[in-house]
Structures are given as C-alpha cells and as structure tokens.
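A.B. asks: sequence and predicted structure below; questions after.
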Amino acid sequence: MSADDGADVTLGSLALGARIGDGGQGEVYDVAGPGRLLYKGYREPGKADGGELAALVALRQGLAPADRERLDREAAWPLCRVVDGGRATGFLMRRAPDSMTWRTSRGEARLTDLSYLLRPPRPAWQAVAQPSPAERFALVVAVLGLFRWLHALGLVVGDVSHANVLWTVRPAPAPYLLDCDGVRMAGRPPVLEQADTPDWHDPLAAAGVATVDSDRYKAALVAGRVLSQDAYVTPGGPLRPLSGVLDDRRADAVRDLWEEASGPRGTRPHLAQWCTALAGRDTIRLMAAEPAPRPVVDRSKFDGPRTRGRITLRK
Amino acid sequence: MQILPFYLLCDESGSMIGEPIDAINGALPDLHHEISTNPTVADKTRFCLIGFSDTATVLQPLVDLSDIDSVPALAAGGLTSYGDAFRTLLRCVEADVAVLKAEGHEVYRPVVFFLSDGIPTDPDWDQAYKEVTQSRFCPKIIAFGIGEAQESTIARVANFRAFMQKDSSVSPAQALREFASSLTRSIVRSAGSIGEDGGNGFTLAVDDTVPGFSLVSLDKL
C-alpha cells in the first residue's frame, strides 16, 4: 500500500469521506479504508511544489525503523503524494491520536491544540483535561525535543503555532505536529508558499521566510507561552512561569534563554540549549584554549660573540 | 491586545413573532458554542446583542463570549424603530470602546450585523443613522433584510455589504439561520487574521454569498 511504501496514489483511487477540516491552503477529508488515513487536498494544486512534497515523503521512507516510528507517532507526516493527471493534488497522512481530541458539550470533536494551554481554563472547554504543573513541564520538554530532533534531521518546521501542535497528557504527556507539508529541508523551498500564524511570527524575519533561526524564535514562544500560560508573551518581555512548573535552577536557565531569544538572528538559543536548560543541568562556560606559554629562551645560548671573518674570492 | 467588537442589531418587532424570532434565538447558542470553544477567537472578539422594536434594548452588553453561559432571548412585539436602534448602538459603541481602551486594549473599528424584517416605522430614523456613520468610531455595517424589508432601505443602512432574502426560495426562519451562520463565520475568520502586534491590522471577512440571500448593490447615486 502506498501509504506504507511512499509511492504516489491517484486521486481517483481514493474513497473520500466527510470533509473534516478546512485550512487556508487546503481541505482535509476522511479516507475510507484501513489505517485511519486523511487526505489533505490543496485548494490550488498548481501552486504546490510536487517535487518538494515528494522529498518529504522520501525523507520518511529513508529513516531507520525506530525513527520512522517516532515520526509517525509525533507528526502527521506526508505518507505519500496524491496525484491527478500527473499533478500532485495533496497527500495522505495519519489522523491525530484520539487522545488529542476533545468533545464539546454538544459532542463535537475538536483538536486539542496548544491554545488550551495558553490561558486559564474556561467553562466552554472544561472537557479539555488540564495538565498538572509537572505534566505542563513535560509537555514543553516533549515539544522542544521534537523540534530538536527535526532540526537534527536537517528540517525547518516553519509555521510553528498554537494551532499546529496538539498535545495530550493521557496516558503520558506527548505532542503531535500538524501541517507537516509546511516543513521543509533547510535551504530548500517550501511545498507551498510559507504560511504564518498571527501572533507567532518572528519579528526579525521577512514575511514568508522560514529558517532554522525563525524556528528557534518560535520554539522560545512555545516554551515561554506554555510555561507561563500566556498566549501573547514574547521574548524581550518578562517571563512569569506558572508556579510549580519549574524549579529555581530551571527557571533561571529558562529566563536566560528567553532573553537571548529576542536577540538578532544567529544568536538565538538552539533547541539543544533549551533541552539542557529544561533538564536542569548547570552549564559550564568554556573558554577557547589559551595558546601554550612559550618556553623562556635562554638567549645566552644563542647570542655568543660573533667573529665574522672574510672570504677571499680570488684564488 | 487588539479587540474586534461585533454588534448584532436585531429586529424584534411584532412581525418577527413565531418562527423568525425562534430561529434567531435558536441560532445564538450555536454562535456562542462556536466562538467560546475557540480560545483564540474568543480572546480577540467581543459580542453585543441589541434587540429593537418600539425601542431598542441592550440584551447582552459587549462581552467575551467565553465569559457567559446564557443570554437574554429576543422577544417579538411592537413597531420597528430604526432610529432608537441606531441611537442605542452609538451609545454602546462609544462607551464600549472607551472601556476597552481603558483596559489597555487597542480596538478595531466595530462591526455591526443589522437584521430587519420590515420597514422602519419612525420617519426620522436616518438622522440617528447619520450620527452613527459620522461618529468617531463609525462601525462597518452589514445589513440583512428578510420578509417585508425594503431593498432600498437595507442598502441605505449598510456601508459594507447588504443582503436581501430571496423571494420564496427559503423561509424567513431558514434565511435567519443562514444569517447567523454567516455572522459566526465572519467572527471566526476575521479574528483569525488579527495579529497580536497589530502590525498589519486585520481583514474583515464577510461572506460574498449567503444561502437564501442575494447580494444588494451598494453603489448609491
């Protein structure tokens, strides 16, 4: 089956069910059959870069089994392209885990995205089980760990936002990344024009440009906003983590990184630094090695009196 | 934060008795459900409900919809005073903007969804209307006409977009459910384009077509 081997499938061969989502760039449909698959169809397939989409599919196929398993567990990654008349119209992906949806008072299913972690709970969404401080902390560690791993794979996440990261604390804290066709290989163009979410843009990045640097800024937004339950706080402003989420050592380390994240591109903390700060480890400031001291030269050994004679050039 | 206030200015005159008023009252929980379960939208928008007949009544003062769990129902009876509707609207907008600003928010130009099923029974209503449109915070008005409403009047009320119920193709109650859905979509989509930093403002998203309604030209001569 192509969702497994990554080969293209034709649009005509899919038994599409109900439309379950409607994003800016595409619509998401149920796909009948095994595997709980979804089809994301592009509103304007002509604008999608089929080659880059194929590269994302190939990247997953090229992963070692354990890594592929992790990718499938933590991201709605493009499993294979869907084509129609030789043109990519979208892709198949897995449905988010049931533990990452919640039901409204009317029984409608909604995705449990980060927005429910970023403000005090309201009656209208009381069915969203709120994390304990320890679980909130574990969620931040898990999300940043996922971004760190994606960066290590040479990827840029791009549109990091409250809407694109799902979470659960049942049975254990875990994240799930959506809209993975917005992820790109570092240095390569995106599948579609880069989308940005209001309140989640890097102020120092040009509109529509995503880089490892802008990812680092947005990762700081995720960390700071989830830890402080504040949907709008940005680096440069004070960070007030919820009580009980961080111990003193971690709180100090996180505040330092939060401050640095407001810096110019190239100076923002990378994901490994966040993971270290959250792990509660001290960091040791390393000095570049000093040049070895030169041995003292005993000039007396070299500077004896010179007697310069003359060389006769005529024989 | 940037806040976009929405006002629903709804006719509850005697001619709305029965299915029409029930349709609107039945649609308000849907609107509330949609907005209040979406924290990002609820954060950035506020909602106010004004009913008008002989006089206008602020049924629900401007509120974050996730803060309430009930709302006074519309109850039909009486005549159709557009004038009092607009006077009440203007009073609310001026007070609400001041309060939001005092809370430290920046406020976008308010959006009014106006709905009427009849012709105004107060001849001097356009003076009150003029005061609204000439006020500092002149709202964007989207007007919907059903039943006996006159297209020319609905077009005069609107300054952004106007819709008239299509003859007999749908019942007033069906048209009103579509009206409420259109209002909900407008709130969700408009809120989705508001950036917290406000650098680029936002785009007021209003349907170009609403099932059961036809778009009215606002090219006034």
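C.D. replies: Everything's here; your move. Note that this is a predicted model, so its numbers are computed, not measured.

A.B. asks: contacts, neighbours, all on C-alpha from now
C.D. replies: Fine.

A.B. asks: which SS class is the residue most central in space within chain B?
C.D. replies: Among the residues of chain B, residue B:113 comes closest to the average C-alpha position under CA atoms, centre = their mean, at 2.1 Å. Taking DSSP: H, G, I helix; E, B strand; the rest coil as the rule, one finds residue B:113 in the strand state.

A.B. asks: and it, bridged to which residues?
C.D. replies: Listed beta-bridge partners, residue B:113: residue B:8, residue B:142 (assigned using DSSP bridges).

A.B. asks: list the contacts for it?
C.D. replies: B:6, B:7, B:8, B:9, B:141, B:142, B:143, B:144, B:183 (CA atoms under 8 Å, 6 or more residues apart in numbering or on different chains).

A.B. asks: now, the most widely separated pair of the residues you listed?
C.D. replies: Based on CA to CA, the longest span within those runs between B:6 and B:144 and measures 15.1 Å.

A.B. asks: who's more crowded, those two?
C.D. replies: residue B:144 (29 against 24; other CA atoms under 10 Å in any protein chain shown).

A.B. asks: and the stretch 51-200 of chain A, which residues reach chain B?
C.D. replies: Within reach of chain B by CA under 8 Å from any CA of the partner chain, the stretch 51-200 of chain A has these residues: A:104, A:115, A:116, A:122, A:123, A:124, A:125, A:198, A:199.

A.B. asks: with adjacent residues omitted, what lies nearest to the most centrally placed residue in chain A?
C.D. replies: In chain A, the residue lying closest to the centroid (CA atoms, centre = their mean) is residue A:147, at 3.2 Å. Leaving aside its chain neighbours, residue A:147 sits nearest to residue A:271 (7.1 Å; criterion: CA to CA, 6 or more residues apart in numbering or on different chains).

A.B. asks: which ones are touching that neighbour?
C.D. replies: Contact analysis of residue A:271 by CA under 8 Å, 6+ apart lists A:144, A:145, A:147, A:148, A:216, A:219.

A.B. asks: where does chain B dip in pLDDT?
C.D. replies: B:195-200, B:220-221 (pLDDT under 70).

A.B. asks: in it, which spans are strands?
C.D. replies: Taking DSSP state E to define them, one finds strands in chain B at B:2-11, B:45-52, B:56-63, B:106-107, B:111-116, B:140-145, B:161-165, B:213-216.

A.B. asks: so which of the ones you listed gets nearest residue A:5?
C.D. replies: strand B:45-52 (45.9 Å).

A.B. asks: mind giving me the packing neighbours of that closest one?
C.D. replies: strand B:2-11, strand B:56-63, helix B:82-102 (3 or more CA pairs under 8 Å, 6 or more residues apart in numbering or on different chains; DSSP states H and E).

A.B. asks: what's the most buried one of those?
C.D. replies: Most buried of the helices and strands packed on strand B:45-52 by mean neighbour count (mean count of other CA atoms under 10 Å in any protein chain shown) is strand B:2-11; its value is a mean of 24.

A.B. asks: of all the helices and strands packed on strand B:45-52, which one is nearest residue A:71?
C.D. replies: strand B:2-11 (37.1 Å).

A.B. asks: now the helices: where do they sit in the stretch 1-150 of chain A?
C.D. replies: Assigned by DSSP state H, counting those that start in this stretch, the stretch 1-150 of chain A shows helices spanning A:2-5, A:50-61, A:65-74, A:133-152.

A.B. asks: who touches the shortest one?
C.D. replies: It stands for helix A:2-5. A:8, A:9, A:61, A:79, A:80, A:92, A:93.

A.B. asks: for chain B, what is the nearest residue in the stretch 151-300 of chain A?
C.D. replies: residue A:198 (4.3 Å; CA to the nearest CA).

A.B. asks: my guess is that residue is in a helix, correct?
C.D. replies: No - counting by three-state DSSP, residue A:198 falls outside a helix, being coil.

A.B. asks: hang on, it packs against residue B:192?
C.D. replies: Yes - taking contacts as CA atoms under 8 Å, residue A:198 lies within contact range of residue B:192: 7.5 Å.

A.B. asks: from chain B, how far out is the residue nearest to the centre of chain A?
C.D. replies: According to CA to the nearest CA, to the nearest Å, residue A:147 and chain B sit 23 Å apart.

A.B. asks: roughly how far apart are that residue and residue A:226?
C.D. replies: 15 Å (CA to CA, to the nearest Å).

A.B. asks: ok, residue A:174 next?
C.D. replies: In terms of CA to CA, residue A:174 sits 14 Å off from residue A:226.

A.B. asks: so which of those two has more stuff around it?
C.D. replies: Neighbour totals were compared for residue A:174 and residue A:226, and residue A:226 leads with 25 against 22 (other CA under 10 Å).

A.B. asks: tell me the residues of the stretch 201-315 of chain A that contact chain B?
C.D. replies: Counting by CA under 8 Å from any CA, the residues of the stretch 201-315 of chain A near chain B are residue A:232.

A.B. asks: what about the strands in the stretch 201-315 of chain A?
C.D. replies: Assigned by DSSP state E, counting those that start in this stretch, the stretch 201-315 of chain A shows no strands.

A.B. asks: low-confidence stretches in it?
C.D. replies: Using pLDDT under 70, the flagged stretches of the stretch 201-315 of chain A are A:283, A:287-291.

A.B. asks: list the residues that contact residue A:239.
C.D. replies: Shown in contact with residue A:239 (CA under 8 Å, 6+ apart): A:224, A:228, A:233, A:255, A:258.

A.B. asks: highest neighbour count among those residues?
C.D. replies: residue A:224 (27 neighbours).

A.B. asks: domains of chain A: list them as residue ranges, please.
C.D. replies: If you go by automatic domain parsing, the domain ranges for chain A are A:1-95, A:98-283.

A.B. asks: redo those domains as a markdown table? Include distance to residue B:88.
C.D. replies: Below are those laid out as a markdown table (distance: least, CA to CA, whole Å):
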| stretch | distance to residue B:88 |
| --- | --- |
| domain A:1-95 | 37 |
| domain A:98-283 | 30 |
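
A.B. asks: out of those, flag the one nearest residue B:156.
C.D. replies: Of these, nearest to residue B:156 by CA to CA is domain A:1-95, at 33.4 Å.

A.B. asks: per-residue confidence at the nearest residue to residue A:243 once chain neighbours are set aside?
C.D. replies: Closest residue in space to residue A:243, ignoring its immediate chain neighbours: residue A:133 at 7.7 Å, by CA to CA, 6+ apart. The model reports residue A:133 with a pLDDT of 96.

A.B. asks: residue A:133 is in contact with residue A:245, isn't it?
C.D. replies: Yes - between residue A:133 and residue A:245 there is a contact under CA under 8 Å: 4.6 Å.

A.B. asks: is it true that residue A:94 touches residue A:36?
C.D. replies: Yes - if you go by CA under 8 Å, residue A:94 and residue A:36 touch, sitting 6.1 Å apart.
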